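>>> What follows is a predicted structure for the sequence shown.
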Amino acid sequence: MTELSNRAEQIAAHLVGHATGTKAIPYDTNGRQSAVDFLLDWPDGRLGALEVTLIVEAESIAWQGLASKEGWLWPAATSWEFRTSRVNFPYKQTRRVALRAVELCDQWSVDSPAELPAEVLADEQGLIQFLADNIGNLRRTHFRPGIRLYQSTRAEFMDAAAQDFGQVVESWHQQPHMGSHIEKLKKDPAVSERHLFLVAVDEALPARYFTDDFNAPSVVPKGFSGVDAIWVWSNFWHRYLRCQDKTWTWMPFPHIER
């Protein structure tokens, strides 16, 4: 399991457990094959099943898992950001080149590798290739030290996206891994409710849905028969969605006791 997937499961268990009044018990453990991620334990003895999956561009899941493990931050003495221009890229090689680029930029007091003197670049074949391949944009910022990592952005007309978020969720049913997650939920007859939690990374969302500034959907997504509740959350949302009994509802985050 990648660090990104592990974090998604922890978030899902916390939110669903709070909303349903259950205790989420890890179940895909101890060598269990094709088991759901969590069992939901109600105080009255009923059991439910919770399966969690990432909605992500398939090609990017490997590098995002590595980035998540580092907290989406590469070490540097000064403040920078790196935004990839691709869905996928060679993570370790790019990291190494970016760290060298920052070292040189600080030495020559410039704000991007493209501004380095030609005679400096001539001795840095890795950096030359990085610039030629247009792997991403590395630029100086004015925040805390380190190189912050960002996913690629997509140019998109706001009106080009589905007008109802339920249509977006319905399109996710076509992702190659979705069928296996649904089947895991459906195969256990001992549970009374089956819950599917979808964690959408930024790149998988149309631009109009990057934040939660939209009304609860009205379209109930097709293709999820046998699933009692669909939950959705994304990184820049300050609440999360639940679709149950053919109704979408915005759910507030649990209150944190201080």
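Thanks, I have the structure now.

>>> Now do the strands in the stretch 51-200 of the chain.
Along the stretch 51-200 of the chain, the segments classed as strands by DSSP state E, counting those that start in this stretch run 73-74, 79-84, 136-140, 146-150, 193-200.

>>> hey, which of those strands is tucked in deepest?
Stretch with highest mean neighbour count among the strands of the stretch 51-200 of the chain: strand 193-200 (a mean of 23; mean count of other Cβ atoms under 10 Å). Using the backbone N, CA and C atoms, a C-beta is placed for each residue, glycine as well.

>>> Just checking: what are the partner strands of that one?
If you go by DSSP bridges, strand 193-200 pairs up with strand 47-55 (parallel), strand 229-234 (parallel).

>>> Mean pLDDT, distance to Gln163 and mean neighbour count for those - can I get that in CSV?
Formatted as CSV, those follow (pLDDT from 0 to 100; distance: least, Cβ to Cβ, whole Å; neighbours: other Cβ atoms under 10 Å):
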stretch, mean pLDDT, distance to Gln163, mean neighbour count
strand 47-55, 93, 19, 23
strand 229-234, 97, 17, 21
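
>>> could I get the ones you listed as TSV with distance to Val199?
Shown next, in TSV, are the strands paired with strand 193-200 (distance: least, Cβ to Cβ, whole Å):
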stretch	distance to Val199
strand 47-55	5
strand 229-234	6
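
>>> For Phe130, give its distance to Gly65.
22 Å (Cβ to Cβ, to the nearest Å).

>>> wait, I meant Asn137
22 Å.

>>> With Arg208 instead?
Separation of Arg208 from Gly65 (Cβ to Cβ): 27 Å.

>>> Nearest to Thr22, out of the strands of the stretch 51-200 of the chain?
With distances scored as Cβ to Cβ, the stretch of the strands of the stretch 51-200 of the chain nearest to Thr22 is strand 193-200 (9.3 Å).

>>> which residues are in contact with that closest one?
8, 11-12, 15-16, 20, 40, 46, 48-56, 169, 172, 181-182, 185-186, 224, 226-234 (Cβ atoms under 8 Å, 6 or more residues apart in numbering).

>>> got the CA positions of stretch 223-240 in CSV?
In CSV, the C-alpha atoms belonging to stretch 223-240 read as follows (Å, rounded to 0.1, in the frame of the first residue of the first chain):
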residue,chain,number,x,y,z
GLY,A,223,-23.2,1.5,-11.8
PHE,A,224,-22.9,1.2,-8.0
SER,A,225,-25.7,-1.3,-7.4
GLY,A,226,-25.3,-3.2,-4.1
VAL,A,227,-23.6,-0.2,-2.5
ASP,A,228,-25.7,1.4,0.3
ALA,A,229,-23.7,4.6,0.6
ILE,A,230,-21.1,6.4,-1.5
TRP,A,231,-18.9,8.9,0.2
VAL,A,232,-16.6,11.4,-1.5
TRP,A,233,-13.9,13.8,-0.3
SER,A,234,-11.0,15.7,-1.9
ASN,A,235,-8.0,17.5,-0.4
PHE,A,236,-9.3,21.1,-0.8
TRP,A,237,-12.8,20.3,0.5
HIS,A,238,-13.8,21.5,3.9
ARG,A,239,-16.6,19.0,4.1
TYR,A,240,-17.5,15.7,2.5
